[in-house]
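K.L.:
Pasting a predicted model and its sequence here:
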Amino acid sequence: MTFPALKTTGIIEMTVPNGNCVQPVVFMKVCLLGRLSYLTFHVVGRVLCQLEPCGAVEVDQAVKAAKLAFGYWSKMSGMERARVMIEAAHIIESKREEIAEMEVVNNGKSITEARLDVDSARLCIEYYAGLASTLAGQHVQLPGGSFAYTRREPLGVCVGIGAWNYPFQIAAWKSAPALACGNSMVFKPSPVTPVTAVMLAEIYAKAGVPEGLFNVVQGGQETGSLLCQHPDVAKVSFTGSVPTGQKIMEMASKGVKPVTLELGGKSPLLIFKDSDLENAVRGALMANFLSQGQVCSNGTRVFVQKDILPEFVKEVVKRTQAIEIGDPLLESTRMGALVSQPHLDKVLSFVDRAKKEGATVLCGGESYVPSDPKLRGGYYMTPCVLGNCTDDMTCVKEEIFGPVMSVLPFETEDEVLQRANDTSLGLAAGVFTRDVRRAHRVVEHLKAGSCFINNYNITPVEVPFGGFKMSGIGRENGQVTIEFYSQLKTVFVEMGDVDSLF
């Protein structure tokens with residue numbers, strides 16, 4: 001396998017979260033230029049690769065290349081674009097295992113989850129390929145034989161800025177609708193997980209997209225700022241933290257550029273006493289421990305009706321303690337390593353603070369050292385369940401972004417709804433109940449963009465995903481996202497004489 005690379009002038013080091021690593025290398029500035037190869041992964045805590053952050057020159061180079069490619073791609077029919085995108089999806093399918101293994105090294109999640117992420121990326125590209133040929137406007141008949149029509153047109157060069165928890169999937173989620181609408185994209189992955197976005201760039205190139213249509217630039221905050229403020233960028237789509245999203249929105253506003261922001265969450269999961277307990281426990285585990293808890297939509301505030309609280313907690317703790325932690329490349333592993341040492345330290349500090357504020361650690365919440373000597377420098381911790389939590393605790397109010405579940409008791413529906421909505425965030429929410437009327441009644445009152453009934457963290461690409469309040473603006477996936485990557489032009493056609501007042 002090869003990755004693009006350019007000559008280096010400045011270096012950022014990247015360490016491998018799961019303890020497996022590859023030969024130190026010089027990474028790339030702009031995709032599809034040069035080559036880079038990697039060896040087998042083996043030692044813990046060593047450098048995976050070296051990155052050169054892209055500066056103004058490289059960002060301008062990437063945007064200009066994307067602008068040039070846009071001129072060609074946007075003139076193609078939707079069917080022609082769809083054929084290329086379908087070919088990209090086929091290549092992803094053929095390279096599923098290869099991409100998944102690299103995502104494990106890139107991020108630290110289990111191979112089982114990484115395969116599902118690759119599948120999601122492929123399905124997303126297939127879905128928007130199917131929509132590419134359906135983009136259409138509207139005809140409106142006016143008096144006197146005159147009429148108007150609308151055209152749905154691409155925006156131009158779009159910028160995608162990805163997060164480190166789903167590197168490959170997010171790159172696809174952002175690029176697929178953009179490309180389907182006729183746009184080009186410059187994508188900046190997180191500097192913590194830079195590798196697999198480059199693989200997607202190579203896949204698009206092999207599928208036949210015009211050179212420069214999907215460019216990858218590497219770097220941190222400065223590179224992102226250069227992208228957001230570039231005069232030839234038409235739109236910015238960002239996934240990440242609320243503070244960074246606010247800065248991106250501010251920068252984009254100076255150019256009156258539309259933004260899609262998928263930001264943080266502190267989502268509630270409501271479990272009523274009439275729930276199917278087995279499914280409720282499964283849902284709570286899925287809502288908290290996917291990708292080592294590093295999921296923005298996670299339902300980390302688990303509200304359980306008092307009548308079933310003891311039974312629920314007993315079962316959740318038993319299942320949590322049984323989660324297999326270790327080498328994420330093994331089929332049996334269900335929890336890999338957190339993404340970095342600083343992030344692990346941050347998550348563990350939340351657990352320590354929760355204990356000081358009166359919460360009870362029912363299980364987990366500690367650094368974990370795998371028995372395999374190759375993994376002993378990895379960033380592992382045991383998944384944690386906190387009991388005796390109250391709404392004013394830091395662990396309940398702030399996004400931890402790690403494998404930490406906070407369990408809170410409640411008595412009535414009205415009470416739990418008020419508590420569930422008492423947050424500035426609103427990305428997701430869930431409810432478990434056998435009462436279909438209650439389920440829909442509760443969902444109606446939950447202030448969140450994505451709500452789940454008797455399940456959690458299911459994200460089919462056909463369904464829009466995004467948040468309310470400070471959890472973001474716009475949507476990803478689903479048919480509605482076409483509106484966020486295109487603009488509507490209205491054309492008036494006069495069939496008679498001009499009726500002038502002058």
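P.N.:
Happy to help now that I have it.

K.L.:
What is the neighbour count of residue 258?
P.N.:
Counted with other C-beta atoms under 10 Å, the burial measure for residue 258 works out to 16 neighbours. Heads up, the C-betas are built off the backbone N, CA and C, glycines and all.

K.L.:
which residues touch it?
P.N.:
Contacts for residue 258 were tallied using C-beta atoms under 8 Å, 6 or more residues apart in numbering; they are 155, 234-236, 252, 474, 484.

K.L.:
List the buried residues for stretch 222-239?
P.N.:
Within stretch 222-239, the residues that count as buried by 16 or more other C-beta atoms under 10 Å are 223-224, 226-228, 230, 233-239.

K.L.:
can you tell me which two in the residues you listed are farthest apart?
P.N.:
Distances among these were taken as C-beta to C-beta; the most separated pair is 230 and 239, at 19.3 Å.

K.L.:
just to revisit the earlier point, pipe the buried residues of stretch 222-239 into TSV and attach secondary structure, distance to residue 180 and pLDDT per row.
P.N.:
Converted to TSV, those look like this (DSSP: H, G, I helix; E, B strand; the rest coil; distance: C-beta to C-beta, whole Å; pLDDT from 0 to 100):
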residue	secondary structure	distance to residue 180	pLDDT
223	helix	26	96
224	helix	24	97
226	helix	26	97
227	helix	21	98
228	helix	23	97
230	coil	23	98
233	strand	19	98
234	strand	16	98
235	strand	14	98
236	strand	18	98
237	strand	14	98
238	strand	20	98
239	strand	19	98
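
K.L.:
nearest to residue 166, of the residues you listed?
P.N.:
Within the set of the buried residues of stretch 222-239, residue 239 lies nearest residue 166; the separation is 8.1 Å, counting by C-beta to C-beta.

K.L.:
which residues does that closest one bridge with?
P.N.:
When bridges are called by DSSP bridges, residue 239 pairs up with residue 262.

K.L.:
Could I get the contacting residues of it?
P.N.:
Contact analysis of residue 239 by C-beta under 8 Å, 6+ apart lists 161-163, 170, 174, 262-263, 296.

K.L.:
Please repeat the previous calculation with a cut-off of 6 Å.
P.N.:
With contacts defined as C-beta atoms under 6 Å, 6 or more residues apart in numbering, the neighbours of residue 239 are 162-163, 170, 262.

K.L.:
again, but for residue 463
P.N.:
When contacts are counted by C-beta under 6 Å, 6+ apart, residue 463 touches residue 478.

K.L.:
repeat that with 7 Å
P.N.:
When contacts are counted by C-beta atoms under 7 Å, 6 or more residues apart in numbering, residue 463 touches 477-478.

K.L.:
Could you confirm it falls within a strand?
P.N.:
No: counting by DSSP: H, G, I helix; E, B strand; the rest coil, residue 463 is not part of a strand but coil.

K.L.:
so how far is residue 451 from it?
P.N.:
As defined by C-beta to C-beta, to the nearest Å, residue 463 lies at a distance of 11 Å from residue 451.

K.L.:
which residues do these two both contact?
P.N.:
Residues touching both residue 463 and residue 451 do not exist when contact is defined as C-beta under 7 Å, 6+ apart.

K.L.:
I'd like to know how many residues surround the closest residue to residue 227 other than its chain neighbours.
P.N.:
In space, residue 227 comes closest to residue 159 once its chain neighbours are excluded; the distance is 4.7 Å by C-beta to C-beta, 6 or more residues apart in numbering. For residue 159, the neighbour count with other C-beta under 10 Å is 31.

K.L.:
okay, and for the protein, where does confidence drop off?
P.N.:
1-47 (pLDDT under 70).

K.L.:
what residue lies at the spatial centre of it?
P.N.:
Against the mean C-alpha coordinate of the chain, by C-alpha atoms, centre = their mean, the closest residue is residue 170 at 4.7 Å.

K.L.:
that older thread, how far away is the residue nearest to residue 227 from residue 323?
P.N.:
Taken as C-beta to C-beta, the spacing of residue 159 relative to residue 323 amounts to 37 Å.
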